[in-house]
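*Asks:* Have a look at this fold, sequence not included:
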């Protein structure tokens, strides 16, 4: 400013390290004749009035920047006509012509167009200024305005208001010279020029704005319809105080409160939370992260029963205001169904365990020499599954499968099962049918795991030398691979009618030797780690349940 005096000064109200009020004071002290305008998104009305009292000529909000052009032009023109700025017709003309909006200077007594900028010619479809000169606002309008009023009479009334108050802003229906109508916003400014009075008309086409407003209105109506008919409770709160400003019918019915009884209240007042501290914590979280969720809240209802609900809240800006939207979803029916499902599942699992216990007891009764074998295989397979970090559900399925993996032996004559001498090849072939028989017996039972398939596979080997189907590699399920290792180790660690046990170490050495060829390497590694590093021991022979 020391190098060149400007036509006007624009300043924000909030400037880092240098507030707008200080800028006004500095400018007013040294350059008091230069018009000073605030352009701000944060200035309050009280601060704005104080700024005007201290020398600012006007203020414009950032969300209404369309008002800046007319306000600036008015300030500059008034300063020029009062002789407060260096006279410069060239600067005035550049300012006048450079405005994006239509500007027309209206002269008395009929308030016809005396001057217009290029934007005026484009707006009304005029080839040159001579076409517009001598025309009044109502000459450029249809006979009637949308509300049915005469354009001539209504226009004269608007002009009288602007002359009296110095400023008047309103919406108006214009007609272009080629015939089509369009909506506009007009701002009339009274100018005192060399002892005469003139009006400056700033005209802006608001067709797009009206279309957008209509879309917004339609959107608001759709939102209102959704808001009113939503099957979730919805509360709208003031973003700062946390007080309820809107509530939909669903939450009113859920809480047993009228709309009026909820408005202006806090969340704890309407029973959403039991104490104020919880609400203060939620508001704090919303200020910090803008989102809060609380599951399984219990709300009392007018019939004495509690609703189970999920509470979800977001904080966002709507125009210039901060708002909080709370969605309260009633999940009482869902929770009731979940509890019934859990109860049914528990009863079903109990029945399955009873079936398995009966099958194990039946099998061990026919083969007392292998009593406890199924239990020890089951426990070892379960431990291996845990060591492999399998899910709890899968581990339980492997435990159950281990308990019934030899159930097919009920088809083998008892004298073969208990024979004290080595069995013949024919008897061995008959004995090997127990895997297939076990599958056939179990496949009709609806287990939540592939029990029958794993029982069918527990004698298969990775290289295809196992039985009964000679499966290879990935054809064998993980459950089948785990059972194969556990069954081999336990069988060699226990006595049989026809032989003395080779011992646990012999069993571990056997699966270690077959690692990668006969047995899954990861399963064998887990098994060896259990015995050699974690001191795992096979359980004693006893009842499975």
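*Replies:* Arrived safely. Only a predicted model underlies this, so the values are computations on that prediction, with no experimental measurement involved.

*Asks:* Sketch out the low-pLDDT regions of the protein for me.
*Replies:* 81-98, 193-194, 216-220, 223-226, 300-305, 345, 347-349, 362-371, 495-500, 541-545 (pLDDT under 70).

*Asks:* So residue 171 versus residue 214, what's the distance?
*Replies:* 14 Å (C-beta to C-beta, to the nearest Å). For every residue, glycine as well, the C-beta is placed using N, CA and C.

*Asks:* higher neighbour count, the two?
*Replies:* residue 171 (13 against 10; other C-beta atoms under 10 Å).

*Asks:* For the more buried one, give me its contacts.
*Replies:* 183, 184, 185, 186, 206 (C-beta atoms under 8 Å, 6 or more residues apart in numbering).

*Asks:* Also residue 172?
*Replies:* Neighbouring residues of residue 172 by C-beta under 8 Å, 6+ apart: 137, 141, 145, 155, 158, 183, 184, 185, 186.

*Asks:* out of those, which are inside strands?
*Replies:* Judged by DSSP state E, strands contain the following of the contacts of residue 172: 183, 184, 185, 186.

*Asks:* The last one and residue 534, how far apart?
*Replies:* In this structure, residue 186 and residue 534 are 88 Å apart, going by C-beta to C-beta.

*Asks:* more crowded one of these two?
*Replies:* Applying other C-beta under 10 Å to residue 186 and residue 534 shows that residue 186 carries more neighbours, namely 21 against 9.

*Asks:* wait, doesn't that one sit right on residue 162?
*Replies:* No. The pair residue 186 and residue 162 does not pass the contact test of C-beta atoms under 8 Å, sitting 9.3 Å apart.

*Asks:* residue boundaries of the strands in the stretch 101-250 of the chain?
*Replies:* Remark: strands assigned in the stretch 101-250 of the chain by DSSP state E, counting those that start in this stretch are 102-107, 112-116, 167-175, 181-193, 196-205, 233-238, 244-247.

*Asks:* most surrounded residue in the contacts of residue 172?
*Replies:* residue 137 (25 neighbours).

*Asks:* Spatially nearest residue to it (excluding sequence neighbours)?
*Replies:* residue 155 (4.7 Å; C-beta to C-beta, 6 or more residues apart in numbering).

*Asks:* Residue 136 is in contact with the one you found, correct?
*Replies:* Yes. In this structure, residue 155 is within contact of residue 136 by C-beta under 8 Å, at 7.0 Å.

*Asks:* OK, contacts around the closest residue to residue 451 other than its chain neighbours?
*Replies:* Excluding the flanking residues, the one nearest residue 451 by C-beta to C-beta, 6+ apart is residue 401, at 4.8 Å. By C-beta under 8 Å, 6+ apart, the residues touching residue 401 are 378, 381, 449, 451, 454, 455, 479, 483.

*Asks:* got CSV for these, with distance to residue 60 too?
*Replies:* Listed next are the contacts of residue 401 as CSV, based on distance: C-beta to C-beta, whole Å:
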residue, distance to residue 60
378, 81
381, 79
449, 72
451, 77
454, 78
455, 83
479, 75
483, 81
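
*Asks:* Distance from the chain centre to stretch 397-405, please.
*Replies:* 43 Å (C-alpha atoms, centre = their mean, to the nearest Å).

*Asks:* If you could redo that for stretch 415-426, that was the one I meant.
*Replies:* Using C-alpha atoms, centre = their mean, the offset of stretch 415-426 from its chain centre is 68 Å.

*Asks:* Repeat that for stretch 480-493.
*Replies:* 50 Å.

*Asks:* how many other residues sit next to residue 465?
*Replies:* Neighbours around residue 465, by other C-beta under 10 Å: 12.

*Asks:* Thought residue 34 was touching residue 79, still the case?
*Replies:* Yes. Between residue 79 and residue 34 there is a contact at 7.5 Å, judged by C-beta under 8 Å.

*Asks:* For the residue at the greatest distance from the centre of the chain, pull up the helix or strand it's in.
*Replies:* Most distant residue from the mean C-alpha position of the chain: residue 421, 71.7 Å away (C-alpha atoms, centre = their mean). For residue 421, there is no helix or strand it lies in under DSSP states H and E.

*Asks:* ditto for residue 252
*Replies:* Per DSSP H and E: helix 249-255 holds residue 252.

*Asks:* Who are the packing partners of that helix?
*Replies:* Helices and strands touching helix 249-255, by 3 or more C-beta pairs under 8 Å, 6 or more residues apart in numbering; DSSP states H and E, are strand 233-238, helix 259-262, strand 321-330.

*Asks:* again, only this time at 7 Å
*Replies:* strand 233-238 (3 or more C-beta pairs under 7 Å, 6 or more residues apart in numbering; DSSP states H and E).

*Asks:* Starting from the strand it packs on, tell me which strands it pairs with and how they run.
*Replies:* strand 244-247 (antiparallel), strand 321-330 (antiparallel) (DSSP bridges).

*Asks:* Can you add mean neighbour count and give those back as a markdown table?
*Replies:* Conversion of the strands paired with strand 233-238 to a markdown table gives the following (neighbours: other C-beta atoms under 10 Å):
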| stretch | mean neighbour count |
| --- | --- |
| strand 244-247 | 20 |
| strand 321-330 | 18 |
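
*Asks:* now stretch 454-461: how far from the chain's centre is it?
*Replies:* 48 Å.

*Asks:* what about stretch 26-45, how long is it end to end?
*Replies:* With C-alpha to C-alpha, to the nearest Å as the measure, the ends of stretch 26-45 fall 22 Å from one another.

*Asks:* Outside of that stretch itself, list whatever touches it.
*Replies:* For stretch 26-45, contacts defined as C-beta atoms under 7 Å, 6 or more residues apart in numbering pick out 1, 5-6, 8-14, 20, 24, 48, 51, 54-63, 68, 71-72, 75-76, 79, 84.

*Asks:* buried set for it?
*Replies:* Within stretch 26-45, the residues that count as buried by 16 or more other C-beta atoms under 10 Å are 27, 28, 34, 35, 36, 37, 38, 39, 40, 43.

*Asks:* Please tell me how far the second one sits from residue 50.
*Replies:* Think residue 28. 13 Å.

*Asks:* what do you get for the third one?
*Replies:* As for residue 34, its distance to residue 50 is 20 Å (criterion: C-beta to C-beta).

*Asks:* I'd guessed residue 255 sits against residue 271; true?
*Replies:* Yes. Using C-beta atoms under 7 Å, residue 255 makes contact with residue 271 at a distance of 6.2 Å.

*Asks:* which of those two has more neighbours?
*Replies:* More crowded of residue 255 and residue 271, by other C-beta under 10 Å: residue 255, with 22 against 15.

*Asks:* ok, the more buried one - contacts?
*Replies:* Contacts of residue 255 (C-beta under 7 Å, 6+ apart): 270, 271, 299.
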